[in-house]
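Asker: Give me a model of this one.
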Amino acid sequence: MLDYLSLSAVAQVVREGSFERAARALHVTPSAVSQRVKQLEDRLGLALIVRGSPCVATEAGAWLCRHVEQVGMLERDLHRVLPALGALDAGEQRVTLRVAVNADSLATWFLPAIAAFGAGEPALVDLSVDDETHTAEWLRAGTVLAAVTSSARPAQGCRSVPLGRMRYRATASPAFTKKHFPRGVAAQALAEAPSLAFSRKDKLQSQWLQAALGQAVEVPRHWLPSTQAFVAASVAGMGWGMNPSVLVDPHLRDGSLVELMPGVDLEVPLYWQHVRLKIPMLDRLTQAVLAAARDGLEPPPSA
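Answerer: Next up is the predicted model:
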């Protein structure tokens, strides 16, 4: 039988990032939290938390935290159906759902889904941002319950649902284009013109170059880990970059941005992957995400 008092202590330390903040949230002393965590680690013979600033879960700890979140959602749904069970304790009123999402989705269509879900649920969300090609790894590691990902193949124990396609356009300011591509957009000019990249995981620019030119081109890069800054940097003439169509279409219309090669776009299919468990609260989150995706993304290829 699992010791849920100790499990809750582990989950709270990971959620809050420290034993002291976890103790305040649980209304106990830090030594009590430390004792509960240590007892569970001794019983399992595994380290569950990497002590530091902040404290983070080990792989085993992450799986236990995910289990606590799943149990928490089930318990709250049970109280919804059977109010005669009585009110939840103050510290149990809200469950935290951990979700991984790519930055461009968060900056465009995903936030309305979380807002709609949160308006009717006793739940909080903990969003982790990563490249869409890597968010599924958070699921495989047991760190999150769900993820927006470009991977159609479901992680083990998960379900994958098509969301739609995010269209990207290669854009730059008119002044930048005039300066760096006076004779047109060609491989040699692109090899010298500054580009914009979100992170070392960002492959969109490389994919567009291959699609546009039929060859790989090594380009100089500014590193800008912000969707909004990416667009602003493009408008300011810092470099060319792959921007979500929904964010740059207004700039294309008013002339503050131009496409490097009109008609050569990238379409990134996105999927919603979540643990394959029948949890009503998770189902409601999924419905909110699907509704927001219908409004904010282009339909999936099969639609």
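Asker: ok now the helix or strand of the chain with the lowest mean pLDDT, how far from the chain's centre?
Answerer: Using mean pLDDT, DSSP states H and E, helix 59-81 stands out as the lowest-scoring helix or strand of the chain, at a mean of 84. Chain-centre distance of helix 59-81: 20 Å, with C-alpha atoms, centre = their mean, to the nearest Å.
Asker: What is that helix packed up against?
Answerer: For helix 59-81, the elements it packs on are helix 4-16, strand 95-101, helix 280-296, judged by 3 or more C-beta pairs under 8 Å, 6 or more residues apart in numbering; DSSP states H and E. (Glycine included, C-beta is placed from N, CA and C.)
Asker: A212 - nearest residue in space that isn't next to it in sequence?
Answerer: Spatial nearest neighbour of A212, excluding adjacent residues (C-beta to C-beta, 6 or more residues apart in numbering): V264 at 4.8 Å.
Asker: so where's the longest strand in this structure?
Answerer: When every strand of the chain is counted residue by residue (DSSP state E), the longest turns out to be strand 158-172.
Asker: Output whichever helix or strand comes after it in CSV with nothing but the alpha carbons.
Answerer: Downstream of strand 158-172, the first helix or strand assigned by DSSP states H and E is helix 174-180. Extracted C-alpha coordinates of helix 174-180, given in CSV (Å, rounded to 0.1, in the frame of the first residue of the first chain):
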residue,chain,number,x,y,z
PRO,A,174,11.9,45.1,-46.4
ALA,A,175,15.1,46.9,-45.4
PHE,A,176,16.8,43.7,-44.4
THR,A,177,15.7,42.0,-47.6
LYS,A,178,17.0,44.8,-49.7
LYS,A,179,20.3,44.9,-48.0
HIS,A,180,21.1,41.1,-47.9
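Asker: who's in contact with the closest residue to A172 other than its chain neighbours?
Answerer: Distances taken as C-beta to C-beta, 6+ apart put W240 closest to A172, at 3.8 Å, once the chain neighbours are dropped. Going by C-beta atoms under 8 Å, 6 or more residues apart in numbering, W240 touches 170-172, 176-177, 180, 193-196, 234, 260.
Asker: can you pick the most crowded of those residues?
Answerer: A172 (29 neighbours; other C-beta atoms under 10 Å).
Asker: and the least confident helix or strand of the chain, which residues are buried?
Answerer: Within helix 59-81, the residues that count as buried by 16 or more other C-beta atoms under 10 Å are 60-62, 64-66, 68-74, 76-77, 79.
Asker: Now do the longest strand of the chain: which elements does it pack against?
Answerer: helix 204-213, strand 241-244, helix 245-254, strand 258-259, strand 266-275, helix 280-296.
Asker: Output those in a markdown table; the columns should cover mean neighbour count and distance to V95.
Answerer: Formatted as a markdown table, the helices and strands packed on strand 158-172 follow (neighbours: other C-beta atoms under 10 Å; distance: least, C-beta to C-beta, whole Å):
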| stretch | mean neighbour count | distance to V95 |
| --- | --- | --- |
| helix 204-213 | 18 | 35 |
| strand 241-244 | 26 | 31 |
| helix 245-254 | 15 | 32 |
| strand 258-259 | 19 | 45 |
| strand 266-275 | 21 | 14 |
| helix 280-296 | 18 | 7 |
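Asker: just so I know, which of the ones you listed lies nearest T96?
Answerer: helix 280-296 (11.6 Å; C-beta to C-beta).
Asker: can you give me the angle that closest one makes with strand 266-275?
Answerer: 170 degrees (axes from the mean of the first three to the mean of the last three C-alpha atoms, to 10 degrees).
Asker: Return the distance of helix 280-296 from the chain's centre.
Answerer: The answer for helix 280-296 is 15 Å, by C-alpha atoms, centre = their mean.
Asker: where in the chain is pLDDT low?
Answerer: Along the chain, the model assigns pLDDT under 70 to residues 1, 85-93, 302-303.
Asker: hey, C-alpha coordinates of the longest strand of the chain in PDB?
Answerer: Written as PDB, here are the backbone C-alpha positions of strand 158-172 (Å, rounded to 0.1, in the frame of the first residue of the first chain):
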ATOM      1  CA  CYS A 158      -0.400   7.500 -24.000                       C
ATOM      2  CA  ARG A 159      -3.000   8.500 -26.600                       C
ATOM      3  CA  SER A 160      -2.200  10.800 -29.600                       C
ATOM      4  CA  VAL A 161      -4.900  13.000 -31.100                       C
ATOM      5  CA  PRO A 162      -4.300  15.200 -34.200                       C
ATOM      6  CA  LEU A 163      -4.700  18.900 -33.400                       C
ATOM      7  CA  GLY A 164      -4.000  20.600 -36.700                       C
ATOM      8  CA  ARG A 165      -1.200  22.300 -38.600                       C
ATOM      9  CA  MET A 166       0.800  25.400 -37.700                       C
ATOM     10  CA  ARG A 167       1.900  27.300 -40.800                       C
ATOM     11  CA  TYR A 168       5.300  29.100 -40.700                       C
ATOM     12  CA  ARG A 169       6.500  31.800 -43.200                       C
ATOM     13  CA  ALA A 170      10.100  32.800 -43.800                       C
ATOM     14  CA  THR A 171       9.900  36.600 -43.200                       C
ATOM     15  CA  ALA A 172      12.200  39.600 -42.900                       C
END
